[in-house]
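Q: Below are the sequence and a predicted model; questions follow.
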Amino acid sequence: GIQVEQSPPDLILQEGANSTLRCNFSDSVNNLQWFHQNPWGQLINLFYIPSGTKQNGRLSATTVATERYSLLYISSSQTTDSGVYFCAVDRDDKIIFGKGTRLHILP
Amino acid sequence: DSGVTQTPKHLITATGQRVTLRCSPRSGDLSVYWYQQSLDQGLQFLIQYYNGEERAKGNILERFSAQQFPDLHSELNLSSLELGDSALYFCASSVSGPSSYNEQFFGPGTRLTVL
């Protein structure tokens, strides 16, 4: 089946820093979504982005479907950005999550 | 607040027991998805229902079953519980039709502990 790999697995940054999180997938997918799981366990939608680029405040995402990857950019990090970031893809009616990138923003 | 509700928030039970988790989708959403998040397996897709019908099946055990009712709420039934079933169970909903994945919105989850 399709493999979804996220990198880096862990990231520790100082408040105010920028970061890029990557999601690689091993085959073509129908759709891709980015989520943030906060320290309380809640899963929050960030982007629904099967292709192209989207921006929402300090966050933006780009998916290059032909090259099978997506990037999530976080600028001017805040402590509230801490948590785990997941990408999820849809292929053959199966939804597959990556293992996530754990981000810790230090004050 | 995503608009998806799940009850109960926490559930503690014993091995061999049966439990039912409940999910109410966002108003207007026809699809409901169930996921299991455990420490060793990560987030795993279990099953999707669309307008009352099973649409897609993931890594759902035979001891688990789900259904979606005419009012579109869904229930996930877990039976013959084992220690390894302890996990966070999420429900998500989307507007999507039967043939595609659309943007999903997640509920707060039910934390199941099997002792």
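A: Received, thanks.
Q: Please make it C-alpha for all contacts and neighbour counts, starting now.
A: Fine.
Q: what are the ranges of the strands in the chain?
A: This is for chain A. Assigned by DSSP state E, the strands in chain A fall at A:4-7, A:10-14, A:19-25, A:31-37, A:43-48, A:52-56, A:59-64, A:69-74, A:83-91, A:94-97, A:101-106.
Q: Please refer instead to chain B.
A: Using DSSP E, strands in chain B cover B:5-7, B:10-13, B:19-24, B:31-38, B:42-50, B:53-57, B:64-68, B:74-78, B:87-94, B:105-106, B:110-114.
Q: Show me what the fourth one packs onto, helices and strands only.
A: Under the contact criterion of 3 or more C-alpha pairs under 8 Å, 6 or more residues apart in numbering or on different chains; DSSP states H and E, strand B:31-38 touches strand B:42-50, strand B:87-94.
Q: Deepest-packed of these, please.
A: Ranked by mean neighbour count under mean count of other C-alpha atoms under 10 Å in any protein chain shown, those are led by strand B:87-94, which reaches a mean of 25.
Q: Tell me how far it lies from the chain's centre.
A: Relative to its chain's centre, strand B:87-94 lies at 5 Å (C-alpha atoms, centre = their mean, to the nearest Å).
Q: Just the CA atoms of it, as CSV, please.
A: Taking Å, rounded to 0.1, in the frame of the first residue of the first chain, the C-alpha atoms of strand B:87-94 are listed here in CSV:
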residue,chain,number,x,y,z
ALA,B,87,-6.7,4.2,22.5
LEU,B,88,-8.2,7.5,21.5
TYR,B,89,-11.1,7.1,19.0
PHE,B,90,-11.9,9.9,16.8
CYS,B,91,-14.9,10.6,14.6
ALA,B,92,-14.7,13.0,11.7
SER,B,93,-17.3,14.2,9.2
SER,B,94,-17.4,15.8,5.8
